[in-house]
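Chemist: Sequence plus the predicted model coming up.
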Amino acid sequence: MATQYFTATSIDGFIADPEHSLSWLLSRDIDAGGPMSYQRFIESVGALVMGASTYRWLLEHELSAEDTWPYDMPSWVFSHGELPKRSGDLRFAQGPVGPLHQEMVEAAAGRNLWVVGGGDLAGQFADAGLLDEVWVQYAPVALGAGAPLLPRRLELRLMDVARNADFACARYSVVR
Ligand SMILES: NC(=O)c1ccc[n+]([C@@H]2O[C@H](COP(=O)([O-])OP(=O)(O)OC[C@H]3O[C@@H](n4cnc5c(N)ncnc54)[C@H](OP(=O)(O)O)[C@@H]3O)[C@@H](O)[C@H]2O)c1
């Protein structure tokens, strides 16, 4: 079981543009599948965790007011504020990520824990020594500014590479 940060990024290291738009990503063939695709990745995920901006983006762009939470696995959202809820196994948290990690791992029931993003949240897991892998899908675009992929110094080891349609995919392990 591993704690994995899986995300798509521009080649200059931004996972959303300065307006939190993902148009640069969603305009591409993100469902092409392939050896390191999201479709393959999600098959091994048992629980997930994300920050408040990512959660808000999902509510605003992917879900209508009546929709239930789209993931059938236990999901955590980190925020200091009050966020709209959806029915489903959705748990809200704040503060250091370390104390909750074991609970997330147990909830994943032998599968992997997906750190959806953003980059700083993934960095908080890395700071606590709890991040095992980083999976990056590089879109062929530069954004110049936006939400950073990983705003930390972090040593990685390249484990695997693949091409999926427009995307160059890389899987790294975190060097401890
Ligand atoms: N390209 C992709 O595949 C991809 C993947 C994921 C996300 N995204 C996008 O990237 C952007 C990421 O936004 P972001 O950089 O702002 O990151 P984010 O992690 O989604 O949100 C940051 C917010 O999470 C909360 N937070 C984080 N750590 C916390 C902690 N330990 N305790 C309590 N609250 C905590 C805080 O919210 P409060 O201010 O509420 O306290 C913080 O402002 C979003 O637009 C998202 O849609 C893209």
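Modeler: Sure, I can see it.
Chemist: Would you mind giving me the confidence score for the residue of the chain positioned farthest from its centre?
Modeler: Here the chain reaches farthest from its C-alpha mean at Glu66, the gap being 24.1 Å by C-alpha atoms, centre = their mean. Glu66 carries a pLDDT value of 87.
Chemist: tell me which element it falls in.
Modeler: Using DSSP states H and E, Glu66 sits within no helix or strand.
Chemist: do you know how far it is from Phe92?
Modeler: Using C-beta to C-beta, to the nearest Å, Glu66 is found at 20 Å from Phe92. Using the backbone N, CA and C atoms, a C-beta is placed for each residue, glycine as well.
Chemist: Show me where this structure has its strands.
Modeler: 3-10, 14-16, 45-51, 75-78, 90-93, 112-117, 133-139, 147-148, 156-164, 167-174 (DSSP state E).
Chemist: can those go into a markdown table with extra columns for mean pLDDT, distance to the ligand and mean neighbour count?
Modeler: Converted to a markdown table, these look like this (pLDDT from 0 to 100; distance: least, C-beta to the nearest ligand atom, whole Å; neighbours: other C-beta atoms under 10 Å):
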| stretch | mean pLDDT | distance to the ligand | mean neighbour count |
| --- | --- | --- | --- |
| strand 3-10 | 98 | 4 | 23 |
| strand 14-16 | 98 | 4 | 23 |
| strand 45-51 | 98 | 2 | 22 |
| strand 75-78 | 98 | 4 | 22 |
| strand 90-93 | 98 | 7 | 15 |
| strand 112-117 | 98 | 3 | 25 |
| strand 133-139 | 98 | 7 | 20 |
| strand 147-148 | 98 | 4 | 20 |
| strand 156-164 | 96 | 14 | 13 |
| strand 167-174 | 97 | 11 | 19 |
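Chemist: Just send those back as TSV, with distance to Trp24 too.
Modeler: As requested, those are exported to TSV (distance: least, C-beta to C-beta, whole Å):
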stretch	distance to Trp24
strand 3-10	7
strand 14-16	9
strand 45-51	20
strand 75-78	24
strand 90-93	28
strand 112-117	15
strand 133-139	6
strand 147-148	12
strand 156-164	16
strand 167-174	12
